[in-house]
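output the structure for:
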Amino acid sequence: MGKKVTPYQGSTQSKKQQVEQMFDNISGNYDGLNRVISMGTDVSWRKKVVQMAKDHQPETVLDIATGTGDLAIQIAEAANAKKIVGLDLSEGMLKVGRKKIMSKNLQTKIEMIQGDSEALPFEDNSFDVITVAFGVRNFETLELGLSEIYRVLKKGGLFIVLETSVPTQFPFKQGYKFYSSFILPTIGKLFSKDKEAYTYLSKSAAEFPYGEKFNNILKKIGFISVASNPQTLGVATIYNASK
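Next up is the predicted model:
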């Protein structure tokens with residue numbers, strides 16, 4: 001497991017409380033800044049996740065750490081699911097997401113709710129597909145959150161994770177380290193009122209147990225058919241698993 005990196009060093013709040021506060025703080029400019037920081041590459045990654053979800057032909061979908069709802073909206077537009085639930089700790093992010101959903105007239109298909117990924121407010125075996133994009137590294141207790149996901153996923157259901165990872169080959173490893181350690185936090189500080197948020201996002205990505213380590217954690221929880229697919233020279237990875 002990686003080290004426990006928190007957004008605000010020296011804070012007496014739990015990681016969960018800090019993450020909620022951080023995303024509330026940056027919710028207003030999160031979407032635009034995300035595109036800039038990822039240089040647009042996150043768009044193609046999300047499209048792959050959407051296609052995987054669509055191919056499973058789900059009736060019910062849960063998007064955890066939904067943020068402003070980008071992935072939930074894309075799944076709603078692509079798949080013929082009857083109900084999509086977007087869940088997030090941050091009410092600020094959800095507020096932005098609800099406006100986007102209303103503008104696309106998807107409010108009857110997507111429900112945005114504030115909730116805790118480590119205590120999901122759903123019955124066992126509730127969802128055909130569960131997705132998490134750039135959210136699992138923010139779980140306070142990774143295995144607890146994954147166990148909750150396993151609980152509410154239907155038997156035969158599909159779990160998809162899109163998360164940052166670290167390139168392992170020269171020179172991409174060195175280039176990524178420089179970008180994530182210096183460029184990303186600098187861009188965040190220039191455009192965000194929360195000066196520590198993007199430093200945290202960089203550090204949490206570096207400390208996350210990506211690749212085979214994360215595969216093994218999924219298997220330990222009980223997931224089967226676990227697979228991982230690195231994206232864009234290894235700066236992100238798409239994981240998929242079943243129950």
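
per-residue pLDDT of the closest residue to G69 other than its chain neighbours, please?
Ranked by C-beta to C-beta, 6 or more residues apart in numbering and with sequence neighbours excluded, the top spatial neighbour of G69 is G97, at 3.2 Å. Backbone N, C-alpha and C define where each C-beta goes, glycine included. Per-residue pLDDT puts G97 at 97.

burial count for G97?
25 (other C-beta atoms under 10 Å).

ok, it - contacts?
G97 sits next to 66-69, 72, 86, 88, 112 when contact means C-beta atoms under 8 Å, 6 or more residues apart in numbering.

of those residues, which belong to strands?
Here DSSP state E is the test, and those give 86, 88, 112 as lying in strands.

are we agreed that V132 is in a strand?
Yes: using DSSP: H, G, I helix; E, B strand; the rest coil, the assignment for V132 is a strand.

retrieve the pLDDT associated with it.
pLDDT, V132: 98.

would you confirm that it contacts L62?
No: V132 is beyond contact range of L62, at 9.2 Å (criterion: C-beta atoms under 8 Å).

can you pull out the strands in this structure?
Along the chain, counting by DSSP E, strands occupy 60-64, 83-88, 110-114, 127-133, 153-164, 224-231, 236-242.

give me the neighbour count for the closest residue in space to Q114 that isn't next to it in sequence.
Of all residues not flanking Q114 in the chain, E91 sits nearest, at 5.3 Å (C-beta to C-beta, 6+ apart). Residues near E91, counting by other C-beta under 10 Å, number 13.
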